[in-house]
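Trainee: Attaching a predicted model along with its sequence, questions to come.
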Amino acid sequence: MDEAPEEINFQVDCGTARVLPGGKRLRPTANLYAGGLRIFCGPRWEDMAGRLISGVRDLLTTRSNEFVWLRAGGVVIGGRGLILPSAPNPHLPALAALLARAGAGYLGDEVIKFDPILRRVHGVSLPLLVDVADLGYFPELGGRARRILRGADGAETSSDSRTPRRPIPVDALGGHPESHADLGRITFPVFAPGEETRLEPIAGADAVFRLMEAVLNAHIWTDRAMILARDLVETVPVDQLIVGALPDAADLLMSPDAEIVG
């Protein structure tokens, strides 16, 4: 008999508001714990909600290994699934959100699950987690972008928030979720602010390597993950998207006559 999965409890300490001499009131610092381990500390409850959702998503990826989990955005365009495998990057969810707002069916912002038998992409039924630095692309949400300092590798260096993500339901963007779709295309985004946004060809070996980098449970699937990656690269269109500007990238992917340069 299989053992029941370990139960993880989330606890929240909302903190206590402080009043300084002169009457200035300080926002309380909230703390979020998962299984007794603190995973968030900060004054913004919206950011804490984002960390809670990402924590739940992390649990899903470790409990459902009948799927191949990919670090990738996922949308449905023209009835076929488009996946955007990527190294960890804070701007990937904003690209998925812009595609959803433009009319693509939403599957996932930076984590999707793939059925290796039916070759079908399945969505993760959770809100998008958009980086607060990208909120300026979505004025309809009534928020504003927050400036986050990052190092060369994209890691956050600001003390403003340890998890600068804002949870956004897809319907708040005027978009719609999709439960699944047959895989139709693989596009690897490369975020290069200021460059010309364009599609480029990618060598098969490079595509296989980068797809394997995006597999989150490769330790479960072992050699079968490599076989799957090779087969997918050989059977569906594969390209690389240079993202100079996020809105331009979304427009290019939605364009029916987008051409690969090279």
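Mentor: Received the coordinates, thanks.

Trainee: Could I get the full set of strands for the stretch 1-150 of the chain?
Mentor: Secondary structure of the stretch 1-150 of the chain, counting by DSSP state E, counting those that start in this stretch: strands at 10-13, 18-19, 25-26, 30-34, 37-42, 68-70, 72-77, 80-85, 105-108, 112-115, 120-122, 128-131.

Trainee: Does residue 185 touch residue 237 like I think?
Mentor: Yes. The pair formed by residue 185 and residue 237 meets the contact definition of Cβ atoms under 8 Å, at 4.9 Å. Where you see a C-beta, it was placed from the backbone N, CA and C, and this is true even at glycine.

Trainee: between those two, who's got more neighbours?
Mentor: Legend: neighbour count by other Cβ atoms under 10 Å for residue 185 and residue 237, higher for residue 185 (16 against 12).

Trainee: between whichever strand or helix holds the more buried one and strand 80-85, how big is the angle?
Mentor: In the assignment (DSSP states H and E), residue 185 maps to strand 180-191. Here the directions of strand 180-191 and strand 80-85 differ by 40 degrees (axes from the mean of the first three to the mean of the last three Cα atoms, to 10 degrees).

Trainee: Strand 180-191: what's the following helix or strand?
Mentor: strand 198-200.

Trainee: Which strands and helices lie in contact with that following strand?
Mentor: With contacts defined as 3 or more Cβ pairs under 8 Å, 6 or more residues apart in numbering; DSSP states H and E, strand 198-200 has these neighbours: strand 238-243.

Trainee: Restricting to C-alpha, output the strand it packs on in PDB.
Mentor: Included here for strand 238-243 are C-alpha records, laid out as PDB according to Å, rounded to 0.1, in the frame of the first residue of the first chain:
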ATOM      1  CA  VAL A 238      11.800  24.400 -32.700                       C
ATOM      2  CA  ASP A 239      13.300  27.900 -32.700                       C
ATOM      3  CA  GLN A 240      14.800  30.600 -30.500                       C
ATOM      4  CA  LEU A 241      13.300  33.900 -29.600                       C
ATOM      5  CA  ILE A 242      15.500  36.900 -28.900                       C
ATOM      6  CA  VAL A 243      13.400  39.100 -26.600                       C
END
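
Trainee: tell me the mean pLDDT for that strand?
Mentor: On average, the pLDDT along strand 238-243 is 97.

Trainee: And for stretch 128-139?
Mentor: Regarding stretch 128-139, the rounded mean pLDDT is 91.

Trainee: What is the end-to-end distance of it?
Mentor: 16 Å (Cα to Cα, to the nearest Å).

Trainee: Which positions in it come out as buried?
Mentor: With burial defined by 16 or more other Cβ atoms under 10 Å, the residues of stretch 128-139 counted as buried are 128-135, 137-138.
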